[in-house]
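**Q** I would like to see how this sequence folds:
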Amino acid sequence: MADGSVVRAACHCGAVRFEVALSDGLATARRCTCSFCRMRGAVAVSAELDGVRIVSGAEALTEYRFNTGTAKHYFCAVCGIYTHHQRRSNPRQYGVNVACIEGVSPFDFAEVPVNDGVAHPSDAGAGAGPRLAGVLRFEAVAERG
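**A** Coordinates of the predicted model:
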C-alpha cells in the first residue's frame, strides 16, 4: 500500500463501511500505552481528516471521549468494534484500526512501535513529539504437522 492509497474497511458486523486514504500505507502502524488504548489493544495507522469517508452505516457509529475530551473514538454501536479515532496528539489526523481494513490483520506486523500515551506528547508542552515506550512483537509459531 503506497502513500495515499485508498483501502476499504468495515467493522466486524459490516454495519459500518468506510474508505480510507492512508497517509503512508501501513508504515504508520502503532499502539499506545494510555489507559484507553491499553484496554482497546488495537493497532492503528494514520489518515488525514479528509482521508476517511463513511460509505454506509454512519448512523451506527457512536463516539467516546475521555480525560481531556479532545480525542474522538468511534465504534460500531451494533458489534462494538473500534473503527477509528480523531487523534489528540494530532487532531488533523485519524488513527484507523488496521483490523477493520480489508485484507489486513494486526498479526501481519512483526513489530509495532508503542507510543508513550501515559506521558502524552500534548501534556509535555509545545513541540514535543510522541515518545517510544516500547515495541510489540508478534512471532508466529511453526505449524504442527
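**Q** Mind naming the longest strand for this structure?
**A** strand 44-56 (DSSP state E).
**Q** Who are the packing partners of it?
**A** Contacts defined by 3 or more C-beta pairs under 8 Å, 6 or more residues apart in numbering; DSSP states H and E place strand 44-56 against strand 17-22, strand 82-86, strand 93-97. All C-beta spots, glycine's among them, are computed from the backbone N, C-alpha and C.
**Q** mind redoing it with 7 Å?
**A** When contacts are defined as 3 or more C-beta pairs under 7 Å, 6 or more residues apart in numbering; DSSP states H and E, strand 44-56 sits against strand 17-22, strand 93-97.
**Q** contacting residues around residue 95?
**A** Counting by C-beta atoms under 7 Å, 6 or more residues apart in numbering, residue 95 touches 44, 46, 84-85, 87.
**Q** how far away is it from residue 45?
**A** 7 Å (C-beta to C-beta, to the nearest Å).
**Q** what's the answer for residue 82, then?
**A** Residue 82 is 13 Å from residue 45, by C-beta to C-beta.
**Q** What of residue 19?
**A** From residue 19 over to residue 45 the distance is 14 Å, taken as C-beta to C-beta.
**Q** Who has more neighbours out of these two?
**A** residue 45 (24 against 14; other C-beta atoms under 10 Å).
**Q** coming back round to it: now the longest strand of the chain - C-alpha only, PDB.
**A** Provided in PDB are the C-alpha atoms of strand 44-56 (Å, rounded to 0.1, in the frame of the first residue of the first chain):
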ATOM      1  CA  ALA A  44      -3.800   2.000  14.300                       C
ATOM      2  CA  VAL A  45      -2.500   3.500  11.100                       C
ATOM      3  CA  SER A  46      -2.800   7.200  10.000                       C
ATOM      4  CA  ALA A  47      -5.100   9.000   7.700                       C
ATOM      5  CA  GLU A  48      -5.700  12.800   7.300                       C
ATOM      6  CA  LEU A  49      -9.200  14.000   8.400                       C
ATOM      7  CA  ASP A  50     -10.400  14.200   4.800                       C
ATOM      8  CA  GLY A  51      -9.000  10.700   4.200                       C
ATOM      9  CA  VAL A  52     -11.800   8.800   5.900                       C
ATOM     10  CA  ARG A  53     -15.100   8.500   4.100                       C
ATOM     11  CA  ILE A  54     -18.000   6.700   5.700                       C
ATOM     12  CA  VAL A  55     -19.700   4.700   2.800                       C
ATOM     13  CA  SER A  56     -22.600   3.300   4.900                       C
END
